[in-house]
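take a look and give me a structure for this.
(one chain, ligands or ions: 1)
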Amino acid sequence: MASDELTAIRSRRVVLPDGEHPATLRIDNGKISAILPYESGTGAYDCGDDALLPGLVDTHVHINEPGRTEWEGFATATRAAAAGGVTTLLDMPLNSLPPTVDVAALKLKQEAAQGQCAVDVGFWGGAIPQNLGALRPLHEAGVYGFKCFLADSGVAEFPPLNHAQLAAALSEMRRLDGLLIVHAESAAALRQVVDSSRYQDFLDSRPDGAEVEAIAELADLAELAGGARIHVLHLSAAAALETVAAAKRRGVKLTAETCPHYLTLAAEAIPNGATEFKCCPPIREAGNRDRLWAGLAAGTIDCVVSDHSPATPELKLTGSFTTAWGGIASLQLGLPLMWTQARRRGHTLVDIARWMADAPARLAGVKGKGRISPGYQADLIQFQPDADFVVDPASLAHRHPVSPYAGHSLTGVVRSTWLAGATVDPGKPKGRLLSR
Ligand SMILES: [Zn+2]
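Next comes the predicted model:
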């Protein structure tokens with residue numbers, strides 16, 4: 001059993017930014033105050049041979065409350081997060097109602113979240129055609145940045161930006177020193193399909209060229225806007241890696257994330273009609289997946305976050321690939337999904353901590369989070385890197401335990417999660433609401 005309030009904790013495998021080391025952490029007022037030799041930690045909570053990692057920072061989560069709370073809510077999402085070792089999450093501005101596109105909507109979000117969160121939660125704002133002239137108040141109210149689409153978002157109340165509106169949003173980001181986070185699929189490159197249950201038809205309707213075009217447009221506009229900061233959400237198309245890398249080389253302030261489903265699943269293995277695998281952009285072929293791993297290893301992709309986007313089983317599982325809800329809910333499974341693949345590919349827990357904790361915290365500007373270092377919040381997870389389990393959807397804590405990973409064998413079990421040095425107890429939610 002984990003001790004409820006840590007004053008010191010030790011492990012033979014503390015995952016620090018520069019490597020795994022035996023160490024003892026001293027904890028004061030919920031923060032890491034010192035990193036000491038393992039031997040000095042007599043009497044400390046002892047993880048033994050289990051690894052001690054920083055709590056993960058998942059900057060891409062759709063919680064849907066208020067307004068579509070029947071899809072997902074703060075209590076269930078944050079419970080799933082804690083079980084999966086995620087101690088900080090940032091909520092996306094769409095799929096809840098109203099969408100987080102003004103200060104009043106942000107206040108409604110915060111009121112809905114208050115007292116329900118088992119982990120710390122911050123919020124993104126949205127940039128839509130209707131609010132482009134009024135982003136500053138939302139920025140000043142503490143959102144971490146603004147999300148926009150370049151094609152249909154899936155919900156009518158969150159329309160996409162056209163080219164001129166995207167340019168305007170980027171100019172405003174530069175004035176605010178804000179961050180624009182973009183669902184980068186270009187509307188012009190998407191193809192309409194007649195109603196189909198064939199996965200290949202769905203994949204063909206969202207070609208990798210849609211991502212390449214969108215990212216090229218973004219990089220050009222960000223440069224024209226004099227150095228606005230942009231972040232590419234859920235990169236799926238390996239064909240766009242060179243576009244991302246080229247933008248970075250020429251000094252565009254562009255970062256990119258991908259998600260566990262793009263790094264672990266493959267189109268060839270998705271059965272027709274299996275809409276639990278539907279997400280946008282889509283899961284592509286195994287060769288694409290291997291190139292995404294190479295892009296991650298090379299630093300072209302900066303981080304890995306869940307894009308946890310649940311809906312009701314009715315919306316997710318009935319209908320065709322054309323009509324079913326697009327989104328995969330994996331908040332609780334991201335760490336074992338990634339670790340199972342990463343260790344096979346020669347990566348370490350240090351890489352995992354960088355991709356899933358430190359890098360997302362830094363690029364979203366979540367301060368004092370994402371690494372084990374003096375002064376950082378004592379958000380920690382005890383992790384068994386060699387323990388195997390089989391995914392049983394009934395053990396998932398998000399509202400509707402639908403999962404494309406049902407029956408998958410994964411490696412890596414989260415044994416304990418601490419938030420600010422205290423054991424996470426979903427019955428007594430202690431998560432704070434964060435502002436930039
Ligand atoms: Zn999303």
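
I328 pairs with what?
Under DSSP bridges, the beta-bridge partners of I328 are H308.

how many neighbouring residues does it have?
Summarising burial for I328: neighbours were counted as other C-beta atoms under 10 Å, giving 25. For every residue, glycine as well, the C-beta is placed using N, CA and C.

quick one: contacts for it?
Contacts were defined as C-beta atoms under 8 Å, 6 or more residues apart in numbering; by that measure I328 touches 259, 261, 276-277, 279, 307-309, 404.

P93: which of these is nearest?
S309 (12.7 Å; C-beta to C-beta).

right, and that closest one touches N95 too?
Yes. At 7.1 Å, S309 and N95 qualify as touching, with contact defined as C-beta atoms under 8 Å.

what's the end-to-end length of stretch 105-122?
14 Å (C-alpha to C-alpha, to the nearest Å).

so what touches the helix or strand encompassing S171?
Take DSSP states H and E as the rule and S171 turns out to sit in helix 163-176. Judged by C-beta under 8 Å, 6+ apart, the contacts made with helix 163-176 from elsewhere in the structure are 127, 129, 132, 135-136, 139, 146, 148, 150, 161, 178-180, 217-218, 221-222, 224-230.

now do stretch 266-285
When contacts are taken as C-beta under 8 Å, 6+ apart, the neighbours of stretch 266-285 outside the stretch itself are 154, 183, 185, 197-200, 202-203, 206, 208, 210-211, 234, 236-238, 261-262, 265, 286, 289, 307, 309, 316-317, 319-321, 324-328, 402-404.

for that stretch, what is the distance to the chain centroid?
Using C-alpha atoms, centre = their mean, to the nearest Å, the distance from the centre of stretch 266-285 to the centre of the chain it belongs to is 19 Å.

and if you look at stretch 369-377?
For stretch 369-377, the gap between its own C-alpha mean and the chain's C-alpha mean amounts to 19 Å (C-alpha atoms, centre = their mean).

is the nearest residue to H347 once chain neighbours are set aside in a helix, a strand, or coil?
Once flanking residues are discounted, H347 sits nearest to A297: 7.3 Å by C-beta to C-beta, 6 or more residues apart in numbering. Following DSSP: H, G, I helix; E, B strand; the rest coil, we place A297 in the helix state.

check what pLDDT A297 gets.
The score at A297 is 98. That number is its pLDDT.

that one: neighbouring residues, count only.
The number of residues near A297, taken as other C-beta under 10 Å, comes to 15.

which ones are touching the spatially most central residue of the chain?
Closest to where the C-alpha atoms of the chain average out (C-alpha atoms, centre = their mean) is V305, at 2.7 Å. The contact partners of V305, taken as C-beta under 8 Å, 6+ apart, are 58-61, 257, 259, 334, 356, 360.

roughly how far does it sit from A222?
Note on V305: its distance to A222, by C-beta to C-beta, to the nearest Å, is 21 Å.

poorly predicted segments of the chain, please.
Of all residues in the chain, those with pLDDT under 70 make up the ranges 1-3.

where do the strands sit along the stretch 251-400 of the chain?
According to DSSP state E, counting those that start in this stretch, the stretch 251-400 of the chain carries its strands in the segments 254-258, 303-304, 380-390.

in TSV: those strands, plus mean neighbour count and distance to H398.
Output for the strands of the stretch 251-400 of the chain, formatted as TSV (neighbours: other C-beta atoms under 10 Å; distance: least, C-beta to C-beta, whole Å):
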stretch	mean neighbour count	distance to H398
strand 254-258	25	20
strand 303-304	27	18
strand 380-390	18	17
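
reformat these as JSON lines; add distance to G370.
Conversion of those to JSON lines gives the following (distance: least, C-beta to C-beta, whole Å):
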{"stretch": "strand 254-258", "distance to G370": "14"}
{"stretch": "strand 303-304", "distance to G370": "10"}
{"stretch": "strand 380-390", "distance to G370": "12"}
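
one step back: which of the contacts of helix 163-176 fall within helices?
Residues from the contacts of helix 163-176 lying in helices, with DSSP state H as the criterion: 135-136, 139, 217-218, 221-222, 224.

list just the nearest of these to F123.
Comparing those against F123 with C-beta to C-beta picks out H139 as the nearest, at 11.7 Å.

list only buried entries from the contacts of V305.
Neighbour counting by 16 or more other C-beta atoms under 10 Å classes 58-61, 257, 259, 334, 356, 360 among these as buried.

among the residues you listed, which ones are in helices?
The subset of these located in helices under the criterion DSSP H comprises 334, 360.

could you look up the SS state of K430?
coil.

tell me, how many residues neighbour it?
When counting by other C-beta under 10 Å, one arrives at 17 neighbours for K430.

ok, it - contacts?
K430 is in contact with 118, 419-420, 422, 424, counting by C-beta under 8 Å, 6+ apart.

give me that answer again for 10 Å
With contacts taken as C-beta atoms under 10 Å, 6 or more residues apart in numbering, K430 has the following neighbours: 30, 115, 117-120, 419-420, 422-424.

E111 too?
Residues in contact with E111 (C-beta under 10 Å, 6+ apart) are 66, 433.

quick check: which element contains it?
Take DSSP H and E as the rule and E111 turns out to sit in helix 103-113.

report the buried residues of that helix.
Of all the residues in helix 103-113, those buried under the rule 16+ other C-beta under 10 Å are 103, 105-106, 108-110, 112-113.

and the nearest residue to P310 once chain neighbours are set aside, how many neighbours?
Once flanking residues are discounted, P310 sits nearest to A329: 3.8 Å by C-beta to C-beta, 6+ apart. In terms of burial, A329 registers 28 neighbours under the definition other C-beta under 10 Å.
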